[in-house]
Structures are given as C-alpha cells and as structure tokens.
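**Student:** based on what follows, work out the 3D shape:
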Amino acid sequence: IAGTTRDTLEESISLDGVILNLTDTAGIRDTEDIVEKIGIEKAMKCAGNADLIIYVADATRNLDDNDKKILDFVKGRHVIVLLNKTDVENVLSVEQMRAHTDFPVLAISAREQTGIRELSDTIRQMFFAGQISSNDQIYITNARHKNMLKESINSLKLVKESIENGMPEDCYTIDLLNAYESLGKIIGQAVEDDLVNQIFSKFCMGK
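**Tutor:** Numbers count the residues shown, from 1 in each chain. Here you go, the predicted model:
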C-alpha cells in the first residue's frame, strides 16, 4: 500500500542557484507494523547515503528515548536539527535541545514559515564549506534562456562542422560570435564592440 509511512518523497530545489536533491522519509521509531518498518528501513538507508540530514524535532514535547537513539545514530554525519512548532507553547527549547547534541539547532515553525531563511543560510554555508554537494544536473526553467541555449548549440555545431571540413577560421567566426552572443544574453552580458573588432581584425573578415 503506497503511503508516506512507507514511501520516500523526493524533490529537487534551487537554493540561490545551488541544485539540491531532497528526500522526505518516514519517521524513525520502534514499531511492530510491517508496512511502517519498510518505511523506516528506507529512511535509515537514505540517512546513510545523504550528504546532509535534517532532523525535525517537536518543540511541544520532551525528547524521548527514540529521539536520543536517532541523534546517536547520526553522530559523525552532517546534520541540522530543526525544532518545529515554535509558534505554540513550547516544552522543549533550543537551549535544551543543544544540551543533547553538538549539531546546529534552529527554531522553526512550518505553519508560520518562520526560521526558513536561517535554515537556507545554514545549508548554503555548509555547501560552500564543502560539507554537502550539489546535484550535478542542470535545470533550465526560463523559456527565453532555453531558446538562447538552443541557438548557441546550433551555432557551435556549425563551427564544429566547419573545423572538421577544414574550413578557414574566417568562415566560422560569425557562428562562433553568434554562440557567444546567445550565451551572453542569458547572463545579461552583451558582446562588446572591442571583442567584435578584435575578431574581425584577427581573421581579416571582409578583406
């Protein structure tokens, strides 16, 4: 039976240009339920393979033995502890949570969307410190950028064909310039006149 107690939910997000793969797993606890055990086994496997583990604790209750087992299980890993439900009356404070772990502890409220910026900043710092890695896939979500990439690729294909056919450089310089210009439009950089003049001068275009 498919359900969040057994299945993992995966999503990719862009954090200031850094593509990260997120996996939401079932909660880890002792259980006799066979279906739930499958979800817990998947969660343990995901935790073992993850660059970063985000453990969500409930601020409305004290830590129990299960919480302590999980914190012990992830020792030596890159972990951020989120203390959720901080928008209501708390039983467990950030200071109390920090007494149980050396991991960074952040107060958040999923309902009120507070603490999200602090979480993003912490993840970003860990990424640039080399503690977590980015998804190496490239996502293009802007239609104009996609068209510019296609134009650039087509121009570079023409350059490649010209080189393979032994054509002189001045025969494919325009195609190379078009590719450069298309990529420049994506990042907001126009081709400078000096560069154009240099290319035309070097290859004696028009002479």
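**Student:** now Asn90: which helix or strand?
**Tutor:** Asn90 belongs to no helix or strand when assigned by DSSP states H and E.
**Student:** pLDDT value on the residue nearest to it when sequence neighbours are not counted, please?
**Tutor:** Nearest residue to Asn90 in three dimensions, chain neighbours excluded: Ala59, at 4.5 Å (C-beta to C-beta, 6 or more residues apart in numbering). Quick note: C-beta positions are derived from backbone N, CA and C, even for glycine. On pLDDT, Ala59 comes in at 91.
**Student:** any idea how far Ala59 is from Asp65?
**Tutor:** The spacing between Ala59 and Asp65, counted by C-beta to C-beta, to the nearest Å, is 18 Å.
**Student:** how about Tyr55?
**Tutor:** Taken as C-beta to C-beta, the span from Tyr55 to Asp65 is 15 Å.
**Student:** cool, and Ser12?
**Tutor:** 35 Å.
**Student:** and the helices in the protein?
**Tutor:** Using DSSP state H, the helices assigned to the chain run over residues 34-49, 65-73, 94-98, 116-128, 143-164, 169-187, 193-202.
**Student:** which of these sits most buried?
**Tutor:** Among those, helix 169-187 has the highest mean neighbour count (mean count of other C-beta atoms under 10 Å), at a mean of 17.
**Student:** which other helices and strands contact that one?
**Tutor:** Counting contacts by 3 or more C-beta pairs under 8 Å, 6 or more residues apart in numbering; DSSP states H and E, helix 169-187 packs against helix 143-164, helix 193-202.
**Student:** below-threshold pLDDT in this structure: ranges please.
**Tutor:** Along the chain, the model assigns pLDDT under 70 to residues 1-8, 17-18, 26-41, 133-144, 187-207.
**Student:** what's the residue closest to the geometric middle of the protein?
**Tutor:** Leu20 (1.8 Å; C-alpha atoms, centre = their mean).
**Student:** give me the spatial nearest neighbour of that one, chain neighbours excluded.
**Tutor:** Residue nearest to Leu20 in three dimensions, not counting chain neighbours: Ile13, with 5.6 Å by C-beta to C-beta, 6+ apart.
**Student:** ok, the one you found - contacts?
**Tutor:** 19-20, 22 (C-beta atoms under 8 Å, 6 or more residues apart in numbering).
**Student:** between the residues you listed, which is nearest Asn147?
**Tutor:** Of all these, Ile19 has the smallest distance to Asn147: 21.3 Å, by C-beta to C-beta.
**Student:** and the closest one, how far from Ile174?
**Tutor:** Using C-beta to C-beta, Ile19 is found at 34 Å from Ile174.
**Student:** and what of Arg98?
**Tutor:** From Arg98 across to Ile174, the span is 62 Å (C-beta to C-beta).
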